[in-house]
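[1] just to be clear, the model below is a prediction. Sequence and coordinates:
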Amino acid sequence: MSDNSLCRSAGEPSICFVIPYFGEWPFWFPFFLESCRYNPTINWLFFTDCGSPLDSPANVQFVHTSYASYCQYVSERLGIEFRPDNPYKLCDIKPALGHIHEEAIEGYDFWAFGDIDVIYGNLRKYFTPERLQTKDLFSTHARRVSGHLCIVRNNRVMREAYRLIPKWRERFSDTEHQALDEGAFSRLFIRHKNWPESLRLFAARFNKWYVRSEFIEAHSTFTILENGRRELPDAWCWLDGTLTNSLIRGREFPYLHFLAWKKNDWAHNSKVKLLGPAGLIENKKWQITAAGWRPLEEAKECS
């Protein structure tokens, strides 16, 4: 289950997202792929039974396998019995994907795990070479590993860091989803979460895992205001690969994670209405709101 034919970026640390996904591509997947297209020096590697969408970007590759075969491969690589009925359990093994697919990511400087209910902005503008040089793990939340996008240095220590999760074999083997990526794996890096911030940060200086990691809020799901309040922007605007929102004007963001809209507002709308007018993707500019995708001209000003 390996493939090293993906294009590599020149003059920048190479990054490959590894994402197992089974079932059916969500209706918004063409927009996800378009945002990948505008990050041409970053690669995405899918293990899936969903097929290859038409006109996929060159930097996105699909390895076709059945769910049962993939679970068998995970079992062999980790030395456990991994046979969950629900593919959602795959979220728990995100921290181990670098080890599971060590051969596929050979030669990359970084590997990454994440979700597909996201739209990417300019990832390279956020994860600059200078930034990537400083740490071994990059989370886009301040106090936990961000399961929807986390970048990890491709070395043995980081590929096998998941082994420090208490009882990881039993918890990976358990068919029930346990949110290990944002829970137990996070606690390797972020400890004493409920301590006063100043005391927590002082203690963190003596945690080698935290010192070699970056935990900075990127405002991808909720925008965190200066007073600490979490708010959802009315609109996110995507224009030729640049992502902004209506709440913090004049600022670019690395990606949008639209979980809140997906679970709430979008659950009550038809896919046709949510996707907006025909040809919207080809316009290379759109807004994303609680009503789904719409022409950018209808958006509240994001810049």
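    All right, it came through fine. Treat the numbers as computed from the prediction; the structure is a model and nothing was measured.
[2] CA atoms of the helix or strand that contains R169 as PDB?
    Using DSSP states H and E, R169 maps to helix 168-173. C-alpha atoms of helix 168-173 as PDB (Å, rounded to 0.1, in the frame of the first residue of the first chain):
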ATOM      1  CA  TRP A 168      -2.700   2.300  23.000                       C
ATOM      2  CA  ARG A 169      -3.000  -1.300  21.800                       C
ATOM      3  CA  GLU A 170      -6.200  -1.900  23.700                       C
ATOM      4  CA  ARG A 171      -7.700   1.500  22.800                       C
ATOM      5  CA  PHE A 172      -6.900   1.200  19.100                       C
ATOM      6  CA  SER A 173      -8.300  -2.300  19.100                       C
END
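[3] contact partners of it?
    78-82, 92-93, 96, 162, 165, 178, 180, 184 (Cβ atoms under 8 Å, 6 or more residues apart in numbering). (Each C-beta comes from the backbone N, C-alpha and C, glycine too.)
[4] same thing but 7 Å
    The contact list for helix 168-173 (Cβ atoms under 7 Å, 6 or more residues apart in numbering) reads L78, I80, E81, F82, D92, I93, Y162, I165, Q178, L180.
[5] quick check: closest non-adjacent residue to the residue of the chain most remote from its centre.
    Going by Cα atoms, centre = their mean, the residue of the chain most distant from its centre is L199, 29.9 Å out. The shortest distance from L199 to any residue other than its chain neighbours is 7.4 Å, reached at H192 (Cβ to Cβ, 6 or more residues apart in numbering).
[6] pLDDT at the one you found, what is it?
    pLDDT, H192: 78.
[7] and for it, the neighbour number?
    14 (other Cβ atoms under 10 Å).
[8] now it: phi and psi?
    Note on H192: its backbone torsions stand at phi 50, psi 50 [degrees, to the nearest 10].
[9] check the one 10 residues further on too.
    Taking degrees, to the nearest 10, you get phi -60, psi -50 for the backbone angles of F202.
[10] list the contacts for it?
    Per Cβ under 7 Å, 6+ apart, neighbours of F202: none.
[11] equivalent analysis for A290, please.
    W261, D265.
[12] state the three-state secondary structure for E76.
    helix (DSSP: H, G, I helix; E, B strand; the rest coil).
[13] thinking again about what came up before, so where does the residue farthest from the centre of the chain fall, helix or strand?
    Per DSSP H and E: L199 is located in helix 197-204.
[14] elements contacting the helix or strand following the helix holding R169?
    The helix or strand immediately downstream of helix 168-173 is helix 186-189, counting by DSSP H and E. Packed against helix 186-189 by the contact rule (3 or more Cβ pairs under 7 Å, 6 or more residues apart in numbering; DSSP states H and E) you find helix 208-211.
[15] residues in contact with the following helix or strand past the helix it packs on?
    Following helix 208-211 in sequence order, the next helix or strand is strand 213-215 (DSSP H and E). The contact list for strand 213-215, computed with Cβ under 7 Å, 6+ apart, reads K135, D136, L137, F138, S139, H141, A142, R143, F189, I190.
[16] now do stretch 29-44
    In contact with stretch 29-44 (Cβ under 7 Å, 6+ apart) are residues 6-7, 9, 12, 15-17, 19, 53, 56-57, 59-60, 116, 118-120, 123-124, 238, 241, 281, 293.
[17] in the lowest-mean-pLDDT helix or strand in the chain, which residues are buried?
    Across the helices and strands of the chain, the lowest-confidence element by mean pLDDT, DSSP states H and E is helix 197-204, at a mean of 78. Going by neighbour count (16 or more other Cβ atoms under 10 Å), the buried part of helix 197-204 is R200, A204.
[18] for W293, helix, strand, or coil?
    strand.
[19] the nearest residue in space to it that is not next to it in sequence and R294: what is the separation?
    Nearest residue to W293, sequence neighbours excluded (Cβ to Cβ, 6+ apart): G276, at 4.1 Å. Distance of G276 to R294, computed by Cβ to Cβ, to the nearest Å: 5 Å.
[20] hang on, the earlier thing: which of the contacts of helix 168-173 are buried?
    Buried, going by 16+ other Cβ under 10 Å: L78, I80, F82, D92, I93, Y162, I165, L180, out of the contacts of helix 168-173.
[21] inside helices: which ones of the residues you listed?
    L78 (DSSP state H).
[22] from the buried ones among the contacts of helix 168-173, which is closest to Y67?
    F82 (11.2 Å; Cβ to Cβ).
[23] ok, that closest one to D92 distance?
    10 Å.
[24] likewise for A290?
    30 Å.
[25] cool, H268 as well?
    Remark: distance between H268 and D92 (Cβ to Cβ) = 30 Å.
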